[in-house]
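> Return a 3D structure for these sequence lines:
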Amino acid sequence: MKKITNDIFYIGVNDHNVDLFEGQYDVPNGMAYNSYAIVDEKIAVMDTVDINFGSQWLDNLREVLGDRSPDYLVVQHMEPDHSACIDQFIKEFPDVTVVGNAKTFAMISAFFPELIIANKLTVKEGDSLNLGSHMLTFVTAPMVHWPEVMVTYDSTDKVLFSADGFGKFGALDVEEDWACEARRYYFGIVGKYGVQVQNLLKKASALDIQTICPLHGPILIENLGYYLNLYNIWSSYGVESEGVFIAYTSVYGNTKKAAELLKDKLLELGCPKVAIADLAREDMAESVEDGFRYGKIVLASPTYNGELFPFMSQYIDWLVERNYQNRTIGIIENGSWASTVAKCIKAKFEKSKNIKWTDTVVSIKSAVKPENIAQITALAEELMK
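Prediction:
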């Protein structure tokens, strides 16, 4: 049991059994499914947890409540890692009032077609719920990152219950840097919805927030400006770090050699940071994270069956799906008889906004030759302007 304020308690769980979050994201340090209890004249529970941790979560709740029963279950987000135990909760506390918006209850019916909820409270933007000394106000956050999402503001303790906003990968019993795994989480899961996150940030700016309680990751209390600033950069598709990210694929090592030569040349010219990734061997979500972190990227690929090498094609699809924009892109292409790399890469970004292409394209025919080294030098110099 963790006390956040005098009346707000953490009742979430840590998951060290999960290998892939949402079936695709590597989570070596596990995952936290957060839930909270506000204990006042009336008691409100904020969301549930993953289906595998229902018993542990209810034990955590009972430890906080003693012989009392909750009055409200506030459902901010219906993704199953937060809603899977709604039916179990209602069986335990059949008189509870479930609080959600109209889309919430439609999704509850879809996930739990046989569940009967005796008491419902349907709320909309700006509605409030009085618990006694605590007043909760509901703020809709559609498509951050599901249509029913809402966040909840407690004006008494100045706490924002932020749903999946400000979440990160990793269980809470593991110490690690917040920004790295929060960035990977954001761009992997929420990154497509930058406009919607910006709308929510504007709403949040009108609130006096001293604590942020997300549904994943640690409770944020100090230096809130740091987290809010990063979310503003990420959701506006701004540049977080000065430098260049080089993402490459290589069959026999020639394209890799060119990518590494570019890295060395950039560092020689004084580039503040050069990150490089082999897309076939490194976590794709990490590479997506770096693709958004830096303002300039270089994509290096051999031609494969007349198209891009599969990992490069997948990588660009992940970027474009997440509304990749406002970046400078350089290309290193390799083809033994008919390279299509530059053409294929540019075609994939046709609908992306504010993409600037470097004038220099490094065109390799099989192996890196002196003329390619000259092209690599020219590309590095152009990226440093």
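> now the nearest residue to residue 215 once chain neighbours are set aside: how far from residue 141?
Excluding its sequence neighbours, the residue lying closest to residue 215 (C-beta to C-beta, 6 or more residues apart in numbering) is residue 34, at 5.0 Å. C-beta: built from backbone N, CA, C; applies to glycine. Computed as C-beta to C-beta, to the nearest Å, the residue 34 to residue 141 distance reads 16 Å.
> Can you show me the CA trace of whatever helix or strand residue 56 lives in as PDB?
Assessed by DSSP states H and E, residue 56 sits inside helix 54-65. Backbone C-alpha positions of helix 54-65 (Å, rounded to 0.1, in the frame of the first residue of the first chain) are rendered in PDB as follows:
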ATOM      1  CA  GLY A  54      -7.400  -9.200 -10.200                       C
ATOM      2  CA  SER A  55      -7.000 -11.000  -6.900                       C
ATOM      3  CA  GLN A  56      -3.900  -9.100  -6.000                       C
ATOM      4  CA  TRP A  57      -5.500  -5.800  -6.900                       C
ATOM      5  CA  LEU A  58      -8.600  -6.500  -4.800                       C
ATOM      6  CA  ASP A  59      -6.300  -7.500  -1.900                       C
ATOM      7  CA  ASN A  60      -4.600  -4.100  -2.200                       C
ATOM      8  CA  LEU A  61      -7.900  -2.400  -2.200                       C
ATOM      9  CA  ARG A  62      -9.200  -4.200   0.900                       C
ATOM     10  CA  GLU A  63      -6.000  -3.300   2.700                       C
ATOM     11  CA  VAL A  64      -6.800   0.300   2.100                       C
ATOM     12  CA  LEU A  65     -10.500   0.200   2.800                       C
END
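> just to revisit the earlier point, the residue nearest to residue 215: neighbour count?
Neighbour count for residue 34, taken as other C-beta atoms under 10 Å: 24.
> same thing with residue 7?
By other C-beta under 10 Å, the residues close to residue 7 number 19.
> Also residue 161?
Neighbours of residue 161 (other C-beta under 10 Å): 27.
> who are the neighbours in contact with it?
Applying C-beta atoms under 8 Å, 6 or more residues apart in numbering to residue 161 gives the contacts 36, 46, 74, 76, 151, 152, 153, 154, 213.
> repeat that with 7 Å
Residue 161 makes contact with 36, 46, 76, 151, 152, 213, according to C-beta atoms under 7 Å, 6 or more residues apart in numbering.
> Kindly report the same for residue 39.
Residue 39 touches 7, 9, 64, counting by C-beta under 7 Å, 6+ apart.
> what does residue 380 give?
262, 265, 266, 269.
> ok, now residue 209?
Applying C-beta under 7 Å, 6+ apart, we find residue 209 in contact with 158, 160, 224.
> Quick check: it vs residue 73, distance?
According to C-beta to C-beta, residue 209 stands 23 Å off from residue 73.
> Name the residues that touch stretch 254-264?
Stretch 254-264 has contacts (C-beta under 7 Å, 6+ apart) with 246, 248-250, 274, 276, 278, 298, 300-302, 332, 334, 362, 364, 366-368, 372-373, 376, 379-380.
> ok so, going back, the helix holding residue 56 packs against which elements?
Judged by 3 or more C-beta pairs under 7 Å, 6 or more residues apart in numbering; DSSP states H and E, the packing partners of helix 54-65 are strand 36-39.
> swap the cut-off to 8 Å and go again
Under the contact definition 3 or more C-beta pairs under 8 Å, 6 or more residues apart in numbering; DSSP states H and E, helix 54-65 sits against strand 13-15, strand 36-39, helix 86-92.
> returning to that earlier point: helices - which of the contacts of stretch 254-264 land there?
Among the contacts of stretch 254-264, the members found in helices (DSSP state H) are 372, 373, 376, 379, 380.
> For residue 108, give me its contacts.
Per C-beta under 8 Å, 6+ apart, neighbours of residue 108: 75, 78, 83, 86, 98, 100, 115, 117.
> Is the residue nearest the centre of the chain in a helix, a strand, or coil?
Central residue of the chain (C-alpha atoms, centre = their mean): residue 186, 1.7 Å from the mean position. Residue 186 carries the three-state label helix when classified by DSSP: H, G, I helix; E, B strand; the rest coil.
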